[in-house]
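Can you look at this prediction? I've put the sequence above it.
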Amino acid sequence: MLEFRASAGAEAQGEMTLTSMAPGPDDRLRAGPVTRLRPMGMGRYALGDASGAQEVIDIVEATPDVLRLSRR
């Protein structure tokens, strides 16, 4: 499960945060580390974490049932 939220603050204009949720040992969802999403253009986003590492993802297909991504 993925959770998206808009970032607060004027310097974060257009940015969002992404939190991945995975089942824990007792099957309750546990949040993973928060990742920042920065728009880079049409269907392209930079993913950045607290350590400053960045990856780029492209949205390949987006329908109500499917979200297909490509990582660079």
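Good, I have the coordinates. Numbering: from 1, shown residues only.

Tell me how many other residues surround the residue lying closest to residue 54 once chain neighbours are set aside.
On the basis of CB to CB, 6 or more residues apart in numbering, the spatially nearest residue to residue 54 that is not a chain neighbour turns out to be residue 48, at 4.7 Å. The C-beta positions use only the backbone N, C-alpha and C, and glycine is treated the same way. Other residues within reach of residue 48 by the criterion other CB atoms under 10 Å amount to 15.

give me every residue that touches residue 48.
Remark: with contacts taken as CB atoms under 8 Å, 6 or more residues apart in numbering, residue 48 is in contact with 35-36, 38, 54.

Now list the buried members of those residues.
Among these, those classed as buried by neighbour count (16 or more other CB atoms under 10 Å) are 35-36, 38.

before we move on, back to that, so which of the contacts of residue 48 sit within strands?
In strands, defined here by DSSP state E, the members of those are 35-36, 38, 54.

Pick the one among these closest to residue 29.
Distances from residue 29 to these, taken as CB to CB, are shortest for residue 35 (16.6 Å).

Which pLDDT value belongs to the closest one?
Note for residue 35: predicted pLDDT of 80.

Enumerate every residue touching it.
If you count contacts by CB under 8 Å, 6+ apart, then residue 35 has 17-20, 47-49 around it.

Thanks again, I'm all set now.
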